[in-house]
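Chemist: Okay, structure incoming, though there's no sequence with it:
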């Protein structure tokens, strides 16, 4: 998907719809073409997921969902997978840095091309998602608009 510079004005409804259609088309093409990873999990995030899953007796994997909410309109939701949890029908399964990532197609459309990282600093501790599809984000980075 071609990157385009964000306009200096809010997007119109038609522009938002066109962008959503383009993301949906790219996600469907990636799914049917067997693309390796729509989303990348960094080695730092993978190490944290692996460590936490081991401590809690869960598998090395997460489910990513995009939900309505947050201060920017949509928010990220990441949950560890239970030990015997399988992909739901229609979910996309990706392997990145040894971690299993499950997400439904609607969520995949919003996060195609994203990178999930983990940071542990004095001011912030948690996952940081760099999402090229976000047209706006909140200051904490937990929600976005598209």
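Modeler: Right, received. Where do you want to start? Quick caveat: nothing in here was measured; it's all calculated off a predicted structure.

Chemist: pretty sure residue 104 contacts residue 67?
Modeler: No - assessed by C-beta atoms under 8 Å, residue 104 is found out of contact with residue 67, at 11.0 Å. Where C-beta positions appear, they are placed from N, C-alpha and C, glycine not excepted.

Chemist: Please identify which of these two sits among more neighbours.
Modeler: A count of neighbours by other C-beta atoms under 10 Å puts residue 104 above the other of residue 104 and residue 67, at 17 against 11.

Chemist: which residues does that one contact?
Modeler: 65, 88, 90-92 (C-beta atoms under 8 Å, 6 or more residues apart in numbering).

Chemist: From residue 57, how far off is the most centrally placed residue in the chain?
Modeler: In the chain, the centroid-proximal residue (C-alpha atoms, centre = their mean) is residue 111; its distance is 4.4 Å. Noted for residue 111: a distance of 27 Å to residue 57, by C-beta to C-beta, to the nearest Å.

Chemist: ok, now residue 47?
Modeler: Residue 47 is 18 Å from residue 57, by C-beta to C-beta.

Chemist: Next: residue 114.
Modeler: From residue 114 to residue 57 the distance is 28 Å (C-beta to C-beta).
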